[in-house]
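Student: fold the following and give me the result.
(chains A and B)
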2 protein chains.
Amino acid sequence: MSPAVNKQQSGEERLIGRYFAPLAKHPGAFGLSDDAAVIEPPAGCDLVLKTDGIIGGVHFFPDDPPDTVGKKALRVNLSDLAAKGARPLGFLLTLALPKEIGDDWLAPFARGLGADAETFGCPLLGGDTDRTPGPITISIAMFGAVPHGQMLRRSGAKPGDRIVVTGTIGDAALGLKLRRDPDCARRWDLGERERDRLRDRYLVPQPRNAIAEALRRHASAAMDISDGLAGDLAKLCSASGVAAEVGAARVPISEAARTALAKEPVLTETILTGGDDYEVLACVPMDRVEPLRREAAAADVAVTEIGAVNVGEGTATFLDAKGKPLAFAQASYSHF
Amino acid sequence: MSPAVNKQQSGEERLIGRYFAPLAKHPGAFGLSDDAAVIEPPAGCDLVLKTDGIIGGVHFFPDDPPDTVGKKALRVNLSDLAAKGARPLGFLLTLALPKEIGDDWLAPFARGLGADAETFGCPLLGGDTDRTPGPITISIAMFGAVPHGQMLRRSGAKPGDRIVVTGTIGDAALGLKLRRDPDCARRWDLGERERDRLRDRYLVPQPRNAIAEALRRHASAAMDISDGLAGDLAKLCSASGVAAEVGAARVPISEAARTALAKEPVLTETILTGGDDYEVLACVPMDRVEPLRREAAAADVAVTEIGAVNVGEGTATFLDAKGKPLAFAQASYSHF
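Tutor: As a prediction, the model looks like this:
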């Protein structure tokens, strides 16, 4: 009891001061000491806005390393900015924490988040922290910039465009299977390195922000692959009012995925529909494929042509080696 | 099973299409059909960024009317923009829904949210919807605009400034007490209308966006009152490096609060520290108090002078009728 009310430092303020204020290096974040943040939008640019959340027990395992959880929360949003051709400006963080979450979790979580905020040039601008009786819930709202009128849409694909993807597809979905059933490693004949690679691809996606500008200049449509290549390509085709034809064997997969697939050919479906890839799917006019590939290679990002856009009505067809369409039980991941 | 993959409408897409796409009227929201939204920032303006979440069982009761939950989620963020002198541009919505939440909850929730988005000129720009094993968790990230360099801070208060608040203080805290213990109505001698008024003030705050511009032109510092007037004023004093002296009897309270206080004088502490007011607390140079009051009155917002800013070190003192400092057990609400 004190007659003059001092600013009592609450548990929430201690937590913010200790773990998150050090991440808020942008001058407009005011060290998280004000009610809101302020940024001056870059001249001539539009703002690209995105929010994506991850929930313990839904999008990550409660015992995943906290630093990778922090990275994943940020990277699933960075991946959207990359596919939209936008460069990151910063993010807001909403954390709902169950009471068993203490410093031993928060310290590495904030460390992972902070390292990525540096790596991707995307500072923490503000946030909100609450207790929840439920699981850890992390929601990030991210802001990026593109030159006015130039955000890459899902809807710009044209018949004749080539379909490309970055990196390799399916690793995260296989990593998730491994996470759920470690015995898969033996069944799939994976070495330790291959197993770890798939697991790491599930834990920490690799967003392709390094080629955001090249995508913006060369692609006609793009999105990131979060719910599975097959379903996401169908969404892009639907938005663009076109059809897509993909050679399943042309879809780039990692050595580890190739090893697993050789043992269990049915994994083709997991690879093409499992999701959590956070690679970019783009449609690119034919004469722009090589320039895009070259510029991406200079940024250490592989870009692989997997098929073509045709006249049609929002369908995506995946052909096997004999030119026969593959059928999938479920082309796309859905929470509902 | 279909060989050509169509864009299958998932449960999530049905939910978004039915309840949230109709709210996404801004052209840059693309009817929620793309991965991100895009807005052109207003020329000469800074962007003000804010996020605040509310959780079932923490910030609202699971059986609160869903339309009021939607309104509250938006309004707690609108209130921050008002206090920062910013006008709303739009918001992103992250929803985590337990599986028992169905159309009977979502329809009125979206209706309440949509009505307020219209009222406050703050369109839905994008969002994310997930299942959670925990309680309903609603996180909103909101964007506003202020003329470059003019966001109202907590840190601008100067000795000699007058301290003002909008509306009446303490209603929501009393409404929460009533919500927890309906017998309070009898003890406090409240009529039905008074009881409903306090309850409504808890359910649906009244953010003061109508006077955001007037605040920006006249105030030297401001914040919205969410964690209790006493603690929030101490935070503002701490950020500004000043002291505040407030006459407790000058703090404007509603008729209902006055009735309750007459029966239970100890409620003074609830009123001054309970929080959830979502009124604006501002420091205003003496010669600006009248212009602010006049302009606010024209917008139907009462502005009341409650004290003064002095030289000092981040303390707020509340004096009783005899000029004796009041002591509070806890000046400010904290989740941790």
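
Student: contact partners for the residue positioned nearest the centre of chain A?
Tutor: Residue closest to the average C-alpha location in chain A (C-alpha atoms, centre = their mean): residue A:76, at 3.0 Å. Residue A:76 makes contact with A:52, A:54, A:140, A:205, A:207, A:226, A:278 under the criterion C-beta atoms under 8 Å, 6 or more residues apart in numbering or on different chains. For every residue, glycine as well, the C-beta is placed using N, CA and C.

Student: roughly how far does residue A:132 sit from chain B?
Tutor: The gap separating residue A:132 from chain B is 5 Å, by C-beta to the nearest C-beta, to the nearest Å.

Student: tell me the SS of the closest residue to residue A:199 other than its chain neighbours?
Tutor: Residue nearest to residue A:199 in three dimensions, not counting chain neighbours: residue A:175, with 4.8 Å by C-beta to C-beta, 6 or more residues apart in numbering or on different chains. Secondary structure, DSSP: H, G, I helix; E, B strand; the rest coil: residue A:175 is helix.

Student: residue A:175 and residue A:124: what is the separation?
Tutor: 28 Å (C-beta to C-beta, to the nearest Å).

Student: coming back round to it: so which of the contacts of residue A:76 comes closest to residue B:37?
Tutor: Checking the contacts of residue A:76 against residue B:37 by C-beta to C-beta gives residue A:52 as the nearest, at 12.7 Å.

Student: is the closest one in contact with residue A:77, as I believe?
Tutor: Yes - with contact defined as C-beta atoms under 8 Å, residue A:52 reaches residue A:77; the gap is 5.0 Å.

Student: where does the stretch 1-150 of chain A get nearest to chain B, residue-wise?
Tutor: Across the stretch 1-150 of chain A, no residue is closer to chain B than residue A:134, which sits at 1.5 Å (C-beta to the nearest C-beta).

Student: could you grab the helix/strand/coil label for the spatially closest residue to that residue that is not a sequence neighbour?
Tutor: Leaving aside its chain neighbours, residue A:134 sits nearest to residue B:134 (1.5 Å; criterion: C-beta to C-beta, 6+ apart). Per three-state DSSP, the local secondary structure of residue B:134 is coil.

Student: before we move on, what about the one 10 residues further on?
Tutor: When the structure is reduced to helix, strand and coil (three-state DSSP), residue B:144 reads as strand.

Student: next, count neighbours for whichever residue of the stretch 151-300 of chain A sits closest to chain B.
Tutor: Nearest to chain B, among the residues of the stretch 151-300 of chain A, is residue A:238, at 3.8 Å (C-beta to the nearest C-beta). Residues contacting residue A:238 under the criterion other C-beta atoms under 10 Å in any protein chain shown number 21.

Student: so it makes contact with residue B:7?
Tutor: Yes - using C-beta under 8 Å, residue A:238 makes contact with residue B:7 at a distance of 3.8 Å.

Student: joint contacts of these two?
Tutor: residue A:314.

Student: so who does the closest residue in space to residue A:241 that isn't next to it in sequence touch?
Tutor: Among residues not flanking residue A:241 along the chain, residue A:314 sits closest, at 6.6 Å (C-beta to C-beta, 6+ apart). In this structure, residue A:314 makes contact with A:234, A:237-243, B:6-7, judged by C-beta under 8 Å, 6+ apart.

Student: ranking by neighbours, what's the top pick from those?
Tutor: residue A:237 (29 neighbours).

Student: ok now the strand or helix carrying that residue, how far from the chain's centre?
Tutor: Taking DSSP states H and E as the definition, one finds residue A:237 inside helix A:229-240. Helix A:229-240 sits 17 Å away from the centroid of its parent chain (C-alpha atoms, centre = their mean, to the nearest Å).

Student: with only the CA atoms kept, save that helix in PDB.
Tutor: Output of helix A:229-240 as PDB, limited to C-alpha atoms (Å, rounded to 0.1, in the frame of the first residue of the first chain):
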ATOM      1  CA  LEU A 229       1.200 -28.200 -53.500                       C
ATOM      2  CA  ALA A 230      -1.800 -29.900 -55.200                       C
ATOM      3  CA  GLY A 231      -4.500 -28.000 -53.300                       C
ATOM      4  CA  ASP A 232      -2.700 -24.700 -53.300                       C
ATOM      5  CA  LEU A 233      -2.100 -24.900 -57.100                       C
ATOM      6  CA  ALA A 234      -5.800 -25.600 -57.500                       C
ATOM      7  CA  LYS A 235      -6.600 -22.500 -55.400                       C
ATOM      8  CA  LEU A 236      -4.300 -20.400 -57.600                       C
ATOM      9  CA  CYS A 237      -5.900 -21.800 -60.800                       C
ATOM     10  CA  SER A 238      -9.400 -21.000 -59.400                       C
ATOM     11  CA  ALA A 239      -8.400 -17.400 -58.600                       C
ATOM     12  CA  SER A 240      -6.900 -17.000 -62.100                       C
END
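
Student: note down every partner strand of the next helix or strand after that helix and its orientation.
Tutor: Downstream of helix A:229-240, the first helix or strand assigned by DSSP H and E is strand A:242-247. Strand A:242-247 has these partner strands in its sheet, going by DSSP bridges: strand A:303-311 (antiparallel), strand A:315-319 (parallel).

Student: for residue A:146, list each beta-bridge partner.
Tutor: As assigned using DSSP bridges, the partners bridged with residue A:146 are residue A:46.

Student: if you could redo that for residue A:96, that was the one I meant.
Tutor: residue A:130, residue A:137.

Student: distance from the chain centre to the worst-scoring helix or strand of chain A on mean pLDDT, please.
Tutor: The least trusted helix or strand in chain A, going by mean pLDDT, DSSP states H and E, turns out to be strand A:4-6, with a mean of 78. Centroid displacement of strand A:4-6 relative to its chain, using C-alpha atoms, centre = their mean, is 46 Å.
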